[in-house]
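Asks: 3D model of this:
(2 chains)
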Amino acid sequence: MARAWESVDRPRREIISATFAELARRFGEVRPDVLIVVSPDHWVNFFLDNLPSVCIGVGETHKGPPEPWLQHLPYRSITGHPEFALHLARTALDEGFEPSLSHHLELDHGLAIPLWKMGIDPLPPLVPIIVNSIEPPLPSLRRCLAWGDLIRTAIDRYPANLRVTILATGGVSHSIGEHDMGRIDEAFDRDCFEQFRFAEREELLKFLERHLDAAGNGAAEMRNWLVAHGAAQEKGFELLGYHPYPEWYVGCGFAAWNLGAR
Amino acid sequence: MTETAYDTIVRDYWLSKLFFDLQTPAAADEYHAHRDSVLDRYPLKPEVRLAVVEEDVVALARLVNPYLLRFYFFAIGKSEAWFLDRIRKTRPAVPNELARG
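Replies: Just a heads-up that it's a prediction; the model follows:
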């Protein structure tokens, strides 16, 4: 998106910018003490030598995006929140999850671009959670939803009051480096939003297990949405915008979870 | 979720390693200047090295992660249009009926 921002005409750029602004407005209202970002890793921190399914960034700082075309972003060094991150890791281990841990992650475009386009600067202390959505075998969809449950549990058990925001990045349908690169499956994307909005847990999982792989390899990043959905106890999904821009090869979806909703 | 067809895709480690390493600008510069000597450091199978030299997208697509594949051709200066023209001639990593579960 950032590399090809200008390839989309101005009216459509303004439309998606307005959606980013709405997301930023809601973010500003929350004024989080800690920001959990659930995002993919695009071959920056991990390789075939060592490829965790889930990695929590527990460090005091993290490094900003290494991509040469993102060096102008204001995120060269990103402050972490090791106290909450280690509490999350401890909670995970207590509850039968075995995440990888990193004390210094490099946080690539998958994390940085949404924050940048929202205009979040400075960032609140950040706890990155990397979910492998790039190289099979990927964590199961059910497990990603359970990770959301776990994050909710960790927040509830934290001994201090913290305002926590969770940002899940990536998705919706897109295909990168595959035979159908550039294909956006709008029908899938819109069905997906409806499922997040209305479906019960098992129904949502069944839908995604059946259709996600066919929506392109990038659609695997919907795992991150599942983490957020689980953390929100599967309530209050609200679609803020959907912008399927072929120039960027991706169906850009934006949503929020209204925690007061039934 | 049970095992999917994607789970059994086998990567060529050294080809993947080459593409991964080229993300470092200095390594990419060296590759531009001295491709063969860089390739000598990676124990690629002869047919894989040939596919690299011949810029054979179709052959390489079966061996590496799609994101690394796209990055590699970007790194060596191929245009997106050039890459799209070739990648669209490849076959799905797994048949669509399997991908749909």
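
Asks: and A:D33, how far is that from chain B?
Replies: 34 Å (CB to the nearest CB, to the nearest Å). Placement of C-beta: from N, CA and C, glycine included.

Asks: can I assume that residue is in contact with A:L162?
Replies: Yes. Between A:D33 and A:L162 a contact is recorded at 4.7 Å, counting by CB atoms under 8 Å.

Asks: Spell out the secondary structure type for A:I56.
Replies: strand (DSSP: H, G, I helix; E, B strand; the rest coil).

Asks: my read: it touches A:I129, true?
Replies: Yes. Assessed by CB under 8 Å, A:I56 is found in contact with A:I129 at 5.5 Å.

Asks: What ranges does chain A have for its strands?
Replies: For chain A, applying DSSP state E gives strands covering A:34-39, A:54-57, A:61-63, A:77-79, A:100-102, A:126-131, A:164-168, A:237-245, A:250-257.

Asks: Dump the ones you listed into JSON lines; add mean pLDDT and mean neighbour count as well.
Replies: Converted to JSON lines, the strands of chain A look like this (pLDDT from 0 to 100; neighbours: other CB atoms under 10 Å in any protein chain shown):
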{"stretch": "strand A:34-39", "mean pLDDT": "98", "mean neighbour count": "24"}
{"stretch": "strand A:54-57", "mean pLDDT": "98", "mean neighbour count": "23"}
{"stretch": "strand A:61-63", "mean pLDDT": "98", "mean neighbour count": "19"}
{"stretch": "strand A:77-79", "mean pLDDT": "97", "mean neighbour count": "16"}
{"stretch": "strand A:100-102", "mean pLDDT": "98", "mean neighbour count": "17"}
{"stretch": "strand A:126-131", "mean pLDDT": "98", "mean neighbour count": "26"}
{"stretch": "strand A:164-168", "mean pLDDT": "98", "mean neighbour count": "21"}
{"stretch": "strand A:237-245", "mean pLDDT": "97", "mean neighbour count": "17"}
{"stretch": "strand A:250-257", "mean pLDDT": "96", "mean neighbour count": "21"}
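
Asks: Could you find the closest non-adjacent residue to the closest residue to chain B within the stretch 51-200 of chain A?
Replies: The stretch 51-200 of chain A approaches chain B most closely through A:G177 (2.9 Å), counting by CB to the nearest CB. Among residues not flanking A:G177 along the chain, B:P66 sits closest, at 2.9 Å (CB to CB, 6 or more residues apart in numbering or on different chains).

Asks: What count of nearby residues applies to the residue nearest to A:R223 when sequence neighbours are not counted?
Replies: Among residues not flanking A:R223 along the chain, A:C144 sits closest, at 4.3 Å (CB to CB, 6+ apart). Residues near A:C144, counting by other CB atoms under 10 Å in any protein chain shown, number 28.

Asks: Wait, A:C144 touches A:A231, no?
Replies: No. Counting by CB under 8 Å, A:A231 is not a contact partner of A:C144; they are 10.7 Å apart.

Asks: which residues does the single nearest residue of chain B relative to chain A contact?
Replies: Chain B approaches chain A most closely through B:P66 (2.9 Å), counting by CB to the nearest CB. Counting by CB atoms under 8 Å, 6 or more residues apart in numbering or on different chains, B:P66 makes contact with A:I176, A:G177, A:E178, A:M181, A:N217, B:A93.

Asks: Can you tell me how far the first one is from A:M222?
Replies: From A:I176 across to A:M222, the span is 15 Å (CB to CB, to the nearest Å).

Asks: same deal with the third one?
Replies: According to CB to CB, A:E178 and A:M222 sit 16 Å apart.

Asks: The fourth one now?
Replies: According to CB to CB, A:M181 and A:M222 sit 18 Å apart.
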